[in-house]
Structures are given as structure tokens and as C-alpha cells.
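S.K.: Provide a 3D model corresponding to the input given below.
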Amino acid sequence: MRTLPPLPETPAVSYVMPVLNEEGYLERAVRTILAQDYSGEKEIVLALGPSKDRSSAIARDLAAEDPRVRLVDNPERHIPIGLNLAIGASSHPIVIRVDAHSELTPDYTRAGIAALREHDAVNVGGVMRAAGRKPVQRAIARGYNSPFGLGGGAYHGDGTPGPAESAYLGIFRREAIDAVGGYDPGILRGEDWELNLRIRRAGGTVWFAPELGVTYWPRGSFRDLARQFFATGAWRAVLVRRYRGANPWRFFVPGALVIGLAASAGIGALQIAGVLPRRSPLALAHLAAAAYAAGVGFAVTRLSDPPQRGVADRVLSGCALVTMHLSWGAGFLRGILLGGGRTVDKSRA
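M.R.: Numbers count the residues shown, from 1 in each chain. Here you go, the predicted structure:
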């Protein structure tokens, strides 16, 4: 990636947001953008998928109220396609990806552009702070905020500032996106990681800045969480197949867990049926199930954000962790064997 010219003090900013069935979150997300304490010029481009709720009507009302809000249609509904459409319809040198399920802190834009400048980066991301309004959503948020849940990138916790493999959402220099051709429309989940990998391979620096905060509202039911994580796991497997050695080892753990638990269940069924003796060496597979149960029990005692209040919250936290792990792992195995195919996240359908 060629050397980029220095940024001006307050470069104009384009915020891009894909929207699909977000009537409960969209207006507040847009208003946190409009309320940014940043003096530079701003525009927001919403890529509207074929929502079945009032999302499109809300978007039209916002655009009628404020000329900085612009709309483009995204009939294909998929996130990377919507992001490319929004980026293509935008015009400013800084592109900030935003999500309808997220709310930016007031200083997000100003601090992120300062980090771009200070670290000679082409993309900067901060910390995802998951939150919940009801008990199940708060339990899911605890999983997001803990390494026991997602166990992944620095943006899920208070990591150390520095170069990163990816960024949550992202504050980009437009030149970096243009240089690698934008988001891959064929990657329906994990599109951020894949784009940032291409940016890094082109010589750009992706920077983690923990001072940047974003509130994220996760799915509100375990059914929707399972749908989301199954799709995410499947498309992560597609990326593993495509990029092989570029993937961290942690991506393989949930799939191995599902295999281990399935083996334990199958052997247990054969033992109950009398096909295998109770003392069969294959019974060692039960250690995987026992170790996992103990691990989840320990993890639940360590979850604290949002705070747990009583036994019911701890049970919900455990259900959230198990749903995350097994759905992601099952999706990953599906993706390894069959590819992504038509697997999509139907949790917001």
C-alpha cells in the first residue's frame, strides 16, 4: 500500500450502516452518530435491506429530518454488499463503519481519527461493550464481554493498544478500502476480518485503540443467538479454507468441542444399549464432556459484565456460553465440510 498523505486536522467523515429489521435500534444508533463531538463535515449512508418491520420507514423519516442522512437500497440484504453500496454512495476521505445494533460514545470519531494520525494507521477499531435490556440479552452480553464466550480479538476486552489482526466496525482511510477492492460480497459473515487481512497484506496498519468505546446490543433470545453463531461459524470455516495458515488456532476449538461432545454422547448411547461395556476404553471420551461442563461452571463464576444477580442470572449465563460455543462449532464443521453455501444469519429475518 502506497504511502498516504497526512490527514488534515478535521477530515470529512462518511458513516456507512447496513440496515435490516432494526426498528428497535436504528433511530438511537443514528442519533448517536449525529451527536458526535466532531467538528468536521459528516454524512451517514444507510443501506436499506428488505426489512419486514418499520426500519425503512424510520430511515426515511431520519433522512427527511436531516440532510446528512442518505439512503441507498440493498435488495440483496447481505451486509458486505450493503457496505459496498453505502461506501460507493459516500464521498468523504474517512469511512466509519457503524452498526444499527451499536451506539458510539460521543468522542468516538474524534478519538479514532486522532489514532489514525498518531499511529500512521489505515484502520482503527475500539472495544465492543455488549449490553442488555432484559435478562437473556444481558446474559448473552456477558458472554460477548468475556474471553470465555468469544475468546477472541482484543476488541472484546480491555486489551493493550497496538497493531491488530482486525477491528470492530472500523474507522478507515478511504484509500485503504479502495486499494483492496472493498468488502468481499461472497463472504457473508466474518467480512471485517477478511477485509482487514487484505489490508494488512497490502501493507496497511490496523490499530486497536481501547479508548474507543461502542455499546453493542446483542441478540435477545437463545434461538436467535444460535442462528447468528451457526452462520458465523460456517463462514469462519470458509475463511479457514481460503486462507489456511492466516487463521488463529482459537477458530478450531469450538469445532473440536462439538466433535468431542458428540463422541461422548454416541459412546454413552452405545453403553446404555449394551453394545459397549461400561469400562470400554472409548469411555475416556466422556472426559471431554466432564471437562467442558466444569469449564462452563468455572466461567460462569467469573462473568461480571453486566453484573449477575442471583442463581437465575448464572443459569442464563451458562446457557449463553453453551449456545455460543456449540452453535459456532456446529456451523464451523458444516462450513469445513460443505462450505458456506446458502448459510445466512436468519436471526434478524
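S.K.: where does the stretch 1-150 of the chain dip in pLDDT?
M.R.: For the stretch 1-150 of the chain, applying pLDDT under 70 flags the ranges 1.
S.K.: just the helices in the stretch 101-250 of the chain please.
M.R.: Using DSSP state H, counting those that start in this stretch, the helices of the stretch 101-250 of the chain run over residues 108-119, 135-144, 174-180, 191-201, 222-243.
S.K.: got those helices as CSV, with distance to Ser166 and mean neighbour count columns?
M.R.: The way it works is simple: take the backbone N, C-alpha and C, and place the C-beta from them, glycine included. Listed next are those as CSV, based on distance: least, CB to CB, whole Å; neighbours: other CB atoms under 10 Å:
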stretch, distance to Ser166, mean neighbour count
helix 108-119, 15, 20
helix 135-144, 16, 24
helix 174-180, 13, 19
helix 191-201, 4, 22
helix 222-243, 11, 22
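S.K.: what's around Asn84, how many residues?
M.R.: Asn84 is flanked by 22 other residues according to other CB atoms under 10 Å.
S.K.: same check on Glu9?
M.R.: A total of 10 residues lie near Glu9 under the criterion other CB under 10 Å.
S.K.: check contacts around it.
M.R.: Shown in contact with Glu9 (CB atoms under 8 Å, 6 or more residues apart in numbering): no residues.
S.K.: wait, is it part of a strand?
M.R.: No - under DSSP: H, G, I helix; E, B strand; the rest coil, Glu9 sits outside any strand and is assigned coil.
S.K.: what separation do you get for it and Thr3?
M.R.: Distance of Glu9 to Thr3, given as CB to CB, to the nearest Å: 20 Å.
S.K.: got it, and Glu27?
M.R.: Going from Glu27 to Thr3 by CB to CB gives 41 Å.
S.K.: between those two, who's got more neighbours?
M.R.: When neighbours are counted by other CB under 10 Å, Glu27 and Thr3 differ, and Glu27 comes out ahead with 17 against 6.
S.K.: mind checking the SS state of the more buried one?
M.R.: Look at Glu27: counting by three-state DSSP, its state is helix.
S.K.: surely it meets Arg60?
M.R.: No - between Glu27 and Arg60 there is no contact under CB atoms under 8 Å: 11.7 Å.
S.K.: correct me if wrong: Val45 contacts Arg70.
M.R.: Yes - between Val45 and Arg70 a contact is recorded at 5.0 Å, counting by CB under 8 Å.
S.K.: if I read this right, Ala164 contacts Trp207, doesn't it?
M.R.: Yes - if you go by CB under 8 Å, Ala164 and Trp207 touch, sitting 6.5 Å apart.
S.K.: and Arg236, how far is that from Asp345?
M.R.: Per CB to CB, Arg236 is found 13 Å from Asp345.
S.K.: which neighbours do these two share?
M.R.: Arg189.
S.K.: what sits against Val296?
M.R.: Val296 makes contact with 318, 321-322 under the criterion CB under 8 Å, 6+ apart.
S.K.: mind checking which helix or strand the nearest residue to Val30 once chain neighbours are set aside is in?
M.R.: What sits nearest to Val30 in space, not counting adjacent residues and going by CB to CB, 6 or more residues apart in numbering, is Leu62, at 5.4 Å. Following DSSP states H and E, one finds Leu62 within helix 55-65.
S.K.: what are the buried residues along stretch 310-330?
M.R.: 313-314, 316-330 (16 or more other CB atoms under 10 Å).
S.K.: brain fart, stretch 242-257
M.R.: Buried residues in stretch 242-257, defined by neighbour count with 16+ other CB under 10 Å: 247, 251-252, 254-255, 257.
S.K.: contacts for the helix holding Leu62, please.
M.R.: By CB under 8 Å, 6+ apart, the surrounding residues in contact with helix 55-65 are 19-23, 26-27, 30, 46, 48, 69-71, 100.
S.K.: and with 10 Å instead?
M.R.: Outside helix 55-65, the residues within contact range by CB atoms under 10 Å, 6 or more residues apart in numbering are 17, 19-27, 30-31, 34, 44, 46-51, 54, 68-71, 73, 100, 348.
S.K.: drop anything exposed from the residues you listed.
M.R.: With burial judged by 16+ other CB under 10 Å, the buried subset of those is 17, 19-27, 30, 44, 46-49, 51, 54, 68-71, 100, 348.
S.K.: in strands, which of these fall?
M.R.: Those of these mapping onto strands are 17, 19, 44, 46-48, 69-71, per DSSP state E.
S.K.: identify the contacts common to Glu27 and Arg60.
M.R.: Common contacts of Glu27 and Arg60 (CB under 10 Å, 6+ apart): Arg54.
S.K.: any idea which element Leu337 lies in?
M.R.: If you go by DSSP H and E, Leu337 is part of helix 311-338.
S.K.: and that helix, how far out from the chain's middle?
M.R.: Its chain's C-alpha centre and that of helix 311-338 lie 15 Å apart, by CA atoms, centre = their mean, to the nearest Å.
S.K.: okay, the angle between the helix or strand harbouring Tyr292 and helix 311-338?
M.R.: In the assignment (DSSP H and E), Tyr292 maps to helix 286-302. Angle between the axes of helix 286-302 and helix 311-338 is 130 degrees (criterion: axes from the mean of the first three to the mean of the last three CA atoms, to 10 degrees).
S.K.: helix 286-302: which residues count as buried?
M.R.: Neighbour counts over helix 286-302 (16+ other CB under 10 Å) mark 286, 288-289, 292, 296, 299-300 as buried.
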